[in-house]
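A.B. asks: Quick check, what structure comes out for this input:
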Amino acid sequence: MNPGRPPTGFFRRAARIPARRPRYVLALWALILGLSLPLAARVGEVLTAEPSLSADTEAVSVATRVADQFSGGDSVSVVLVVRAADESDAYRARLDAFLADVRHLPAVSSLRDIRDLVPTRAAEGTFLGQLAFGGPDRTAARQAVATIRKAAAARPELEVAMAGGPATTLELREVSARDTRRGEAFGLPISLLVLIVAFGALVASVLPLLVAATTITVALAGVFLVGQVFPFAVFTQSIVTMLGLATGIDYALLTVNRYREELRAGRTPRDAAEETGATAGKAVAFSGLTVVVALSALLLAPLPYVRSVGVGTMIVMSASVLVSWTALPALLALMGHRVDWLKVTRRTPGTRTRVFWRRRAEVIMARPWTFTVLGTAALVLLALPAFWMQLADPGPRGMARGTEARTAVTALEDAELGGFLSATTVLVDMGEEGFFGPSAPRRVSRLTRDLEALEPVRSVISPFSAPGVPRLFLFQYYIDEDLARSSDVAELVDATVGQDGRYVQLQVVPIGDLPPAESAGLAAEARRLAASHGLEVQIGGSAAFEAAWSRVLYSSFPLTLGLVFAATLVLLGLAFRSVLIPIKSIVLNALTVAASYGVITLVFQMGVGAPLLGLDGGLGIVDSNVPLFVFAIVFGLSMDYEVFLVARIFEAHERGLSDHEAVASALETTGGVITSAATVMLVVFSVFFFSEVVLIKTLGVGLAVAILLDATLVRLALVPAVMTLAGRLNWWLPAPLARLADRFGLSH
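C.D. replies: Predicted coordinates:
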């Protein structure tokens, strides 16, 4: 240990550049920002809401075969709902004219009334249609949806809503843009109020907002540029905005606070900027690096859709670190003592809460076992509901009330067709024999009846779904293919029997949106029944796709955990010359993530407090992407406060203070900063509670809960308590690793 040793190495040298050449650094950032603005405005062009799996996945194979073989069978399909106040002749005429216009669109391959396929009670004044688009051209399908929307806008007497496929894709893009605007419109002003209270001066309070705005703009421009190579998930824009606001303000708050401390210590503005870059800048860099390492977990999932979110979050974190590490110190070096202009308090800004946090530190260190046991028990208790978490894709049900997709889903549910969007596709392979003939149709008919008799099944759409046509007549049609395809049920034949006659498509419509376990049970029972009739089948549909998605997504999760934990161990171990500190960080962060999982399960699956978030109740599931996203983001962000606090403990330890005094001093100086930073993050994440997409709502709640726990229970109670108990063991590091840290200037 070398008391009073100033930071040396890379971070000290790097800190001198913005401190000694601030105008050059700011001119470079002004150029980057100017180039980024027009690109950031076009980020919507590279967003997609169409996740994909490997072509050899059974669900994908079924979807591909259905698209190739069946009329209107392409997976690019939409539910079209048209409502009016009455069933008058005038309404029917306008409705018929509108539907005729839709059918004549070049990209539309078919438009069928769902109630002709699934017997149900009539919905007065409502048309429920299944709209299908021919071919794999998603662009043409989206253009057709946009055209339908324009036609609907010209007929205000009709209420038109669409859900699924390209309709939901377009709406998600619009919602993502609205979420971004809402986050900036509400998050920035409320954050400014928090910062004014924290800093006690208006000028200092504005700086973090400038950093956040610059971070978001540069990051979205980066997403647009990378998006020229591969598309990003539609949620990326909202997540980038969320993280850019939160971490940009967080890092700037830490940096500005440290700069003001250095000014109060008697340093010149440029010396203070250099010292800030070498200390707080290093903390920001290591914090950002650990966040990026955690976010790399999203890159390990063998799914481009998820990887794109990982790339987007890594871009925004890199931008946040670079702006806070270079542009902000340069700006501070030029501002000097003017950073404290426009004070709103008589007391010295930044010193108001130190006495409070000093006393709190003394209370915690006087009873470290009590705080350790009670704090850990609280996290474990909150995590318990996560054991009952069920993962699935909510589909259009994952949109909040008032959205077009949710309106369409509600109309289906009102007509007792809630399971239509989650129908299971049973693709029967009739082999060389084919479907048409004297015996094959009867085997398919018996399978259809057996499937209809299953408890969770509402109806089965099959070659025999022809209301008013006796099944005996259908058997006669199906003896000969030419006869069948030219008969009165030709449209049904083309939709349920493949072009070569080999494949038969059965759509098993459940009574409602089934939980994942029941969907899996239905698929297994369909396979068993088919085998009992000597039929070979493949299972597809949204539930099968989602089950395959979850298997692929979490097949690499154990490896992800191991790599993230190992990287964290190395980074923090070398940064703080310790083995125990990174182990403690991993354990506490894992408990924070688990507690966040528990709260998410309570709210979104079980419905506790769901109406407060604009939901009718619990979904019965949690979006399958949420656990991985929450782990990567929360585990990374939790490191912010870990680094902020432990860095100051380490600095005090290096100055020769006792372990007791080092912890007390660090909590005294960072307690207010961490609380203010956490409050800003809570404000930002809370804004996304009002998103119209349940996934974004879930992430907002999960991140807000995690940050609240992390900044109060964990960093300001458990960390000081555990480090007090560990004493000198906090700073043990094997000699070879200690020499490595010193050689490369890695220790903080």
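A.B. asks: Only C-alpha atoms from now on, for both contacts and neighbour counts.
C.D. replies: Noted.
A.B. asks: Next secondary structure element downstream of the helix or strand harbouring residue 583?
C.D. replies: In this assignment (DSSP states H and E), residue 583 forms part of helix 580-600. Remark: after helix 580-600, the chain's next helix or strand is strand 622-623, criterion DSSP H and E.
A.B. asks: Sort out which residues of the following helix or strand past that following strand are buried, please.
C.D. replies: The first helix or strand that comes after strand 622-623 along the chain, using DSSP H and E, is helix 626-654. By neighbour count with 16 or more other Cα atoms under 10 Å, helix 626-654 contains the buried residues 626-654.
A.B. asks: And stretch 356-366, by the same measure?
C.D. replies: Neighbour-count burial for stretch 356-366, counted by 16+ other Cα under 10 Å, picks out 357-358, 360-362, 364-365.
A.B. asks: Stretch 378-391 too?
C.D. replies: Within stretch 378-391, the residues that count as buried by 16+ other Cα under 10 Å are 379-380, 382-386, 389-391.
A.B. asks: neighbours around residue 686, how many?
C.D. replies: Residue 686 has 22 neighbours, counted by other Cα atoms under 10 Å.
A.B. asks: ok, it touching residue 699?
C.D. replies: No - Residue 686 sits out of contact with residue 699 when judged by Cα atoms under 8 Å, with a separation of 9.9 Å.
A.B. asks: still on that earlier bit, mind checking which of the buried residues of stretch 378-391 are in helices?
C.D. replies: 379-380, 382-383 (DSSP state H).
A.B. asks: Out of these, the closest to residue 729 would be?
C.D. replies: residue 379 (24.7 Å; Cα to Cα).
A.B. asks: pLDDT and distance to residue 598 added to the buried residues of stretch 378-391, as JSON lines?
C.D. replies: Below are the buried residues of stretch 378-391 laid out as JSON lines (pLDDT from 0 to 100; distance: Cα to Cα, whole Å):
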{"residue": "379", "pLDDT": "94", "distance to residue 598": "10"}
{"residue": "380", "pLDDT": "95", "distance to residue 598": "9"}
{"residue": "382", "pLDDT": "95", "distance to residue 598": "6"}
{"residue": "383", "pLDDT": "95", "distance to residue 598": "4"}
{"residue": "384", "pLDDT": "95", "distance to residue 598": "6"}
{"residue": "385", "pLDDT": "95", "distance to residue 598": "5"}
{"residue": "386", "pLDDT": "93", "distance to residue 598": "4"}
{"residue": "389", "pLDDT": "90", "distance to residue 598": "8"}
{"residue": "390", "pLDDT": "87", "distance to residue 598": "12"}
{"residue": "391", "pLDDT": "85", "distance to residue 598": "13"}
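A.B. asks: next SSE after the one helix or strand residue 212 maps to?
C.D. replies: Per DSSP H and E: residue 212 is located in helix 202-226. Using DSSP H and E, the helix or strand that follows helix 202-226 towards the C-terminus is strand 232-233.
A.B. asks: by contact count, what packs against that following strand?
C.D. replies: strand 47-48, helix 304-322 (3 or more Cα pairs under 8 Å, 6 or more residues apart in numbering; DSSP states H and E).
A.B. asks: residues making contact with that strand?
C.D. replies: With Cα atoms under 8 Å, 6 or more residues apart in numbering as the test, strand 232-233 has contacts from 46-51, 223, 305-306, 308-309, 312.
A.B. asks: Which one among the residues you listed sits at the bottom for pLDDT?
C.D. replies: In terms of pLDDT, residue 49 ranks lowest among the contacts of strand 232-233, with 67.
A.B. asks: Buried by neighbour count: which residues of the longest helix along the chain qualify?
C.D. replies: Identified as the longest helix of the chain according to DSSP H is helix 165-199. Within helix 165-199, the residues that count as buried by 16+ other Cα under 10 Å are 165-173, 175-177, 179-180, 182-184, 187-188, 191-192, 194-199.
A.B. asks: returning to what we had before: would you mind putting the buried residues of stretch 378-391 into CSV with distance to residue 248 alongside?
C.D. replies: Output for the buried residues of stretch 378-391, formatted as CSV (distance: Cα to Cα, whole Å):
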residue, distance to residue 248
379, 28
380, 31
382, 29
383, 29
384, 33
385, 33
386, 31
389, 32
390, 34
391, 32
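A.B. asks: From those, pick the one nearest residue 143.
C.D. replies: residue 391 (32.4 Å).
A.B. asks: from memory that closest one sits against residue 622, does it?
C.D. replies: Yes - applying Cα under 8 Å, one finds residue 391 in contact with residue 622, separated by 5.0 Å.
A.B. asks: separation between residue 653 and residue 732?
C.D. replies: Remark: distance between residue 653 and residue 732 (Cα to Cα, to the nearest Å) = 13 Å.
A.B. asks: same deal with residue 31?
C.D. replies: 46 Å.
A.B. asks: swap in residue 112?
C.D. replies: Distance, residue 112 to residue 732, using Cα to Cα: 71 Å.
A.B. asks: Look at the two and report which has more neighbours.
C.D. replies: Set residue 112 next to residue 732 and count neighbours by other Cα under 10 Å: residue 112 wins out with 18 against 15.
A.B. asks: That one: what secondary structure?
C.D. replies: Here residue 112 is recorded as strand under DSSP: H, G, I helix; E, B strand; the rest coil.
A.B. asks: I figured it was touching residue 129, is that so?
C.D. replies: Yes - using Cα under 8 Å, residue 112 is in contact with residue 129, at 5.3 Å.
A.B. asks: Residues contacting stretch 508-526, please?
C.D. replies: Stretch 508-526 has contacts (Cα under 8 Å, 6+ apart) with 390-392, 416-420, 422-426, 451-452, 456-461, 539, 543-544, 547, 620-621.
A.B. asks: closest to residue 555 among the buried residues of stretch 356-366?
C.D. replies: residue 364 (41.3 Å).
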